[in-house]
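Undergrad: here is a sequence with its predicted model. Questions after.
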Amino acid sequence: QVQLVESGGGLVQAGGSLRLSCAASGHTFSSYVMAWFRQAPGKERESVAGMGRVGTPYYADSVKGRFSISRDNAKNMVYLQMNSLKPEDTAVYYCAAARTVGMSRVRSASMDYWGQGTQVTVSS
């Protein structure tokens, strides 16, 4: 069982930055693919970024060059650095984990564990 707790959301002006954090429980954190998703009102949940134990991180086209995912396996933490934020980035952001290899389950949003979400609001 993995428990995930997000933090770092808030209100920011367009062009600003935020850093989301996700604290994970469990002794096998390093073996999980970790990812960030978001869901805006009236829209489906979408993948934002994912990172495995090895390999190149995955980013949705809409955030490439602006967002960066990282993880600290020693601290059981995963982060999402969000720069050059746009109003269309407004959503509830979720941290998720999957015991898998590769990014296919990130792309399909079929993860094993989910956090409760943190609100990010970008004003124009």
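TA: Looks like it came in fine. A quick note: this is a predicted structure, and the numbers were derived from the prediction, not measured.
Undergrad: and the closest residue to residue 112 other than its chain neighbours, bridged to which residues?
TA: Nearest residue to residue 112, sequence neighbours excluded (CB to CB, 6 or more residues apart in numbering): residue 98, at 4.8 Å. All C-beta spots, glycine's among them, are computed from the backbone N, C-alpha and C. In this entry, residue 98 is beta-bridged to residue 33, by DSSP bridges.
Undergrad: and residue 98, how close does it get to residue 19?
TA: The gap separating residue 98 from residue 19 is 23 Å, by CB to CB, to the nearest Å.
Undergrad: could you do residue 40 as well?
TA: Distance from residue 40 to residue 19, by CB to CB: 20 Å.
Undergrad: check residue 91 too.
TA: 16 Å.
Undergrad: and those two? Which one has more around it.
TA: Counted by other CB atoms under 10 Å, residue 91 and residue 19 do not tie: residue 91 has more neighbours, with 22 against 13.
Undergrad: please enumerate the strands of the protein.
TA: 4-7, 10-13, 18-24, 33-39, 46-51, 58-59, 67-72, 77-82, 91-98, 113-114, 118-123 (DSSP state E).
Undergrad: a markdown table please, covering those strands and showing mean pLDDT.
TA: Below are the strands of the chain laid out as a markdown table (pLDDT from 0 to 100):
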| stretch | mean pLDDT |
| --- | --- |
| strand 4-7 | 97 |
| strand 10-13 | 98 |
| strand 18-24 | 97 |
| strand 33-39 | 97 |
| strand 46-51 | 97 |
| strand 58-59 | 96 |
| strand 67-72 | 96 |
| strand 77-82 | 97 |
| strand 91-98 | 97 |
| strand 113-114 | 96 |
| strand 118-123 | 98 |
